[in-house]
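S.K.: Structure for the following, please:
(one chain, ligands or ions: 1)
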Amino acid sequence: MNYDVIVVGAGNAALCAALSAQEQGAKVLVLERAPYEQRGGNSAFTGGGYRMIYHGLEDIKKFVPDLTEEQIATTDFGEYSASQYFDDLGRITQYRIDPDLAEVLVHRSTDTVQWIRQKGVRFVLKYGSAAYKHEGRYKFFTGAPVIAVGGGRGIIDAQFKAAERQGIDVRYKARARSLICGRNGIEGVRATIEGQAQELRARAVVLACGGFEANREWRTRYLGPGWDLAKVRGTRYNTGDGIQMALDVGAQPYGNWSGAHACEWDLNAPEFGDINIGDGYSKHSYTLGIVINNNGLRFLDEGADIKNYTYAKYGRLILEQPGQTAWQIFDSKVAQLLHSSYRIRQVTKVSADSIEDLIGKMEGVNKAQALTTIREYNAAVRKDVPFNPNEKDGRSTSKLAVPKSNWAGTINTPPFVAYAVTCGITFTFGGVKITPAAQVVDTEEQPIPGLYAAGEMVGGIFYFNYPGSTGLMNGAVFGRVAGQNAGRYAHRPQGS
Ligand SMILES: Cc1cc2nc3c(=O)[nH]c(=O)nc-3n(C[C@H](O)[C@H](O)[C@H](O)COP(=O)(O)OP(=O)(O)OC[C@H]3O[C@@H](n4cnc5c(N)ncnc54)[C@H](O)[C@@H]3O)c2cc1C
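M.R.: Residues are numbered from 1 along each chain as shown. You can find the predicted model right below:
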């Protein structure tokens with residue numbers, strides 16, 4: 001079988017590429033390294049939120065047409081403008097983000113989520129961590145108010161169904177190994193499919209096969225010492241193959257190769273993600289409590305910003321603590337606000353009716369220091385400022401070496417609970433350079449004919465940190481662009 005376009009990978013970026021290449025009339029083959037049951041890469045592990053531009057209720061209705069009267073009456077949907085999106089991307093990446101890629105990401109966001117909806121993905125409102133119920137009302141505050149039904153699994157299943165409808169071929173246990181170069185540029189892929197080495201010819205190739213977060217050796221090499229000890233939140237199959245394949249044909253390495261998205265993750269989670277638990281090992285409600293290390297000391301500002309702007313950088317700080325361990329401590333005043341991931345059966349926690357008993361149960365913690373830390377923290381909380389979980393409320397601590405800048409509540413109402421966490425790596429930030437048309441470029445900025453890339457394996461988008469729900473959006477926007485341009489390229493008149 002001859003294909004016009006081969007897409008390497010089968011996550012959100014790859015499937016968007018495959019669907020959009022087929023829309024151009026291309027005959028498309030998807031190569032998925034994972035077996036069928038584990039298909040979908042990190043995308044299948046996600047909560048399913050896309051960060052996009054929207055303006056209030058009327059725009060939300062385009063994604064969730066069946067809102068109830070009660071939802072409309074009790075919710076402030078807010079808005080997220082293009083300028084807020086640019087500001088967040090700039091601020092969070094310390095103004096390193098490639099401005100040309102940022103333009104495409106922001107301006108194609110809403111339209112791409114609509115396109116994904118047309119492919120069969122359904123959306124609901126993301127109540128809970130994106131809008132708490134406070135004084136009878138919800139207020140969205142994250143830039144990602146809707147979430148796919150079924151989370152990441154729901155997105156992937158719907159995209160695979162669409163691929164089937166559109167006649168796209170998919171091969172599982174198909175690991176791409178290298179690119180075939182010919183007179184016209186990239187002309188196919190060498191792959192091992194179910195153990196058999198094969199050469200597959202195509203007029204264009206889209207690489208969308210993830211970063212190198214699941215490669216312990218590359219993690220240590222590029223992110224630095226200690227990263228070998230991080231747990232992988234998602235798929236085990238993203239080991240940097242696509243990046244290596246592209247570098248081997250001269251692609252330009254780009255972006256923050258020493259950076260990664262990493263967050264607070266259950267201490268006893270398995271080495272790689274478990275698709276049946278999905279994102280359940282995440283522990284992102286730290287804004288509502290305090291975090292201490294085994295020395296009994298706080299070491300980060302839990303309330304520096306809303307969770308979406310801090311969680312992806314705090315994993316690195318946890319990795320630097322003794323035993324790569326930390327404890328999140330809450331009292332009963334905020335228990336009902338903790339994310340549902342705190343209520344899964346596979347959780348590492350201790351609880352008690354007094355702080356002393358709680359600390360007594362926290363194995364490995366310096367007990368005297370932990371007690372002092374909590375007492376000093378409680379004394380420093382500014383009780384004159386009202387608590388509001390739906391915005392940066394300015395309820396802070398005063399005169400602590402490590403401040404808590406918002407949502408500072410005293411820890412004094414039993415029962416008390418502490419969750420043990422470590423560093424879970426999500427994905428790596430470094431990759432290859434692409435043009436706004438998703439063409440991979442070489443070290444002299446020239447597009448490599450026939451080669452496109454999208455998703456995690458592209459560098460230049462995220463540096464140091466990450467605004468929540470941008471990974472899926474990035475993969476979808478550039479996957480769609482890559483597929484469209486690969487499809488057009490494959491159908492170009494011969495010789496042009
Ligand atoms: C637990 C968790 C929760 C997350 N929650 C969110 C969220 O709510 N919102 C958000 O925006 N982002 C979220 N993310 C980040 C998000 O998953 C990624 O940014 C995004 O899904 C990456 O998409 P991708 O298509 O580039 O990569 P992936 O989805 O990882 O797909 C890569 C694909 O390539 C395949 N592959 C790898 N090597 C080869 C090879 N040699 N040959 C063939 N195939 C290969 C893999 O098997 C996989 O199918 C989360 C991530 C995790 C792990």
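
S.K.: Please make it C-alpha for all contacts and neighbour counts, starting now.
M.R.: Will do.

S.K.: Around the ligand, which positions in the stretch 301-450 of the chain sit nearby?
M.R.: Thr426 (CA under 6 Å from any ligand atom).

S.K.: Flag every residue of the stretch 1-150 of the chain that's near the ligand.
M.R.: 8-14, 31-34, 39-43, 45-50.

S.K.: Of all the helices and strands in the protein, which has the lowest average confidence?
M.R.: Sorting the helices and strands of the chain by mean pLDDT, DSSP states H and E puts strand 133-134 at the bottom, at a mean of 77.

S.K.: Residues in contact with it: which ones?
M.R.: 139, 388-390 (CA atoms under 8 Å, 6 or more residues apart in numbering).

S.K.: Next, count neighbours for Gly195.
M.R.: By the criterion of other CA atoms under 10 Å, Gly195 has 10 neighbours.

S.K.: can you check Tyr3 too?
M.R.: For Tyr3, using other CA under 10 Å, the count is 18.

S.K.: next one: Asp248
M.R.: 12.

S.K.: Need phi/psi at it.
M.R.: phi -60, psi -20 (degrees, to the nearest 10).

S.K.: Stretch 453-467 near the ligand anywhere?
M.R.: Yes: Stretch 453-467 lies within reach of the ligand by CA under 6 Å from any ligand atom, at 455-456.

S.K.: circling back: compile the contacts of strand 133-134 into a markdown table and extend it with columns for secondary structure.
M.R.: Shown next, in a markdown table, are the contacts of strand 133-134 (DSSP: H, G, I helix; E, B strand; the rest coil):
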| residue | secondary structure |
| --- | --- |
| Lys139 | strand |
| Asn388 | coil |
| Pro389 | coil |
| Asn390 | coil |
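
S.K.: tell me the two of those that are most distant?
M.R.: Greatest spatial distance among those (CA to CA): Lys139 and Asn388, at 10.6 Å.

S.K.: More neighbours: which of these two?
M.R.: Using other CA under 10 Å as the criterion, Lys139 and Asn388 rank with Lys139 on top: 20 against 16.

S.K.: For the stretch 251-400 of the chain, which segments are assigned as helices?
M.R.: 311-319, 355-361, 367-380 (DSSP state H, counting those that start in this stretch).

S.K.: and of those, who's closest to Pro403?
M.R.: Once the helices of the stretch 251-400 of the chain are compared by CA to CA, helix 367-380 is nearest, at 8.9 Å.

S.K.: mind checking the end-to-end distance for stretch 353-370?
M.R.: 16 Å (CA to CA, to the nearest Å).

S.K.: I should have written stretch 221-228 there, sorry.
M.R.: First-to-last residue span, stretch 221-228, CA to CA: 9 Å.

S.K.: now it: how far from the chain's centre is it?
M.R.: In this view, stretch 221-228 has its centroid 20 Å away from the chain centroid, taken as CA atoms, centre = their mean, to the nearest Å.

S.K.: which residues are contacting that stretch?
M.R.: With CA under 8 Å, 6+ apart as the test, stretch 221-228 has contacts from 216-217, 219-220, 257-260, 319-320.

S.K.: likewise stretch 342-361?
M.R.: When contacts are defined by CA under 8 Å, 6+ apart, stretch 342-361 is touched by residues 266-269, 280-281, 283, 362, 365, 367, 370-371, 412, 414-421.

S.K.: Check stretch 414-422 too.
M.R.: Counting by CA under 8 Å, 6+ apart, 230-231, 264-268, 283, 315, 318-319, 324-332, 347-355, 358, 362 sit against stretch 414-422.

S.K.: Let me see the mean pLDDT of that stretch.
M.R.: Computed over stretch 414-422, the mean pLDDT rounds to 98.

S.K.: which residues of the protein score low on pLDDT?
M.R.: Counting by pLDDT under 70, the chain shows low-confidence ranges at 1, 129, 494-496.

S.K.: Could I have the CA atoms of the helix or strand where Gly450 lies written out in CSV?
M.R.: Here Gly450, judged by DSSP states H and E, is contained in strand 447-453. Extracted as CSV, the C-alpha positions of strand 447-453 are listed here (Å, rounded to 0.1, in the frame of the first residue of the first chain):
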residue,chain,number,x,y,z
PRO,A,447,12.2,23.6,5.8
ILE,A,448,13.1,19.9,5.3
PRO,A,449,10.9,18.9,2.4
GLY,A,450,8.1,16.5,3.3
LEU,A,451,8.7,16.7,7.1
TYR,A,452,6.2,18.1,9.6
ALA,A,453,5.9,17.9,13.4
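
S.K.: Can you classify the residue nearest the centre of the chain as helix, strand or coil?
M.R.: In the chain, the C-alpha nearest the mean C-alpha coordinate belongs to Gly471, at 4.7 Å (CA atoms, centre = their mean). What three-state DSSP gives for Gly471 is helix.

S.K.: Tell me how far it lies from the ligand.
M.R.: Using CA to the nearest ligand atom, to the nearest Å, Gly471 is found at 3 Å from the ligand.

S.K.: for Ile156, what are its contacts?
M.R.: Applying CA under 8 Å, 6+ apart, the residues contacting Ile156 are 11-12, 40, 43-44.

S.K.: biggest separation within these, which pair?
M.R.: Top of the distance list for the contacts of Ile156 (CA to CA): Asn12 and Ala44, 8.1 Å.

S.K.: ok, the two, which is more surrounded?
M.R.: Taking other CA under 10 Å, Asn12 and Ala44 do not tie; Asn12 has more neighbours (32 against 26).

S.K.: Name the nearest residue to the more buried one, sequence neighbours excluded.
M.R.: Ser43 (5.6 Å; CA to CA, 6 or more residues apart in numbering).

S.K.: likewise Gln94?
M.R.: Tyr463 is the one closest to Gln94 (CA to CA, 6+ apart), at 7.4 Å.

S.K.: What is the burial count for that neighbour?
M.R.: Using other CA under 10 Å: Tyr463 sits among 26 other residues.

S.K.: Over to Ala82?
M.R.: The burial count for Ala82: 16, using other CA under 10 Å.

S.K.: Would you mind measuring from it to His107?
M.R.: According to CA to CA, Ala82 stands 7 Å off from His107.

S.K.: try Trp227
M.R.: With CA to CA as the criterion, Trp227 and His107 are 35 Å apart.

S.K.: again, but for Tyr489
M.R.: Tyr489 is 23 Å from His107, by CA to CA.

S.K.: Tell me which of these two has more neighbours.
M.R.: Shown here are Tyr489 and His107; by other CA under 10 Å, Tyr489 has more neighbours (21 against 16).

S.K.: Contact partners for that one?
M.R.: Tyr489 touches 203-204, 450, counting by CA under 8 Å, 6+ apart.

S.K.: I'd assumed it was in a strand, is it?
M.R.: No: counting by three-state DSSP, Tyr489 is not part of a strand but helix.

S.K.: Give me the nearest residue to the residue of the stretch 151-300 of the chain found nearest the ligand, chain neighbours excluded.
M.R.: Nearest residue of the stretch 151-300 of the chain to the ligand: Cys209, at 3.1 Å (CA to the nearest ligand atom). Spatial nearest neighbour of Cys209, chain neighbours left out: Gly9 (4.3 Å); criterion: CA to CA, 6+ apart.

S.K.: burial measure for His55, as a count.
M.R.: Neighbours around His55, by other CA under 10 Å: 12.

S.K.: Kindly provide the distance from the residue lying closest to it once chain neighbours are set aside to Asp266.
M.R.: Take His55 and drop its neighbours on the chain: the residue closest to it by CA to CA, 6+ apart is Glu79, 4.5 Å away. Distance, Glu79 to Asp266, by CA to CA: 33 Å.

S.K.: Could you give me the buried positions within the helix or strand containing Arg175?
M.R.: Assessed by DSSP H and E, Arg175 sits inside strand 174-182. Judged by neighbour count (16 or more other CA atoms under 10 Å), strand 174-182 contains these buried residues: 174-180.

S.K.: All good on my end, thank you.
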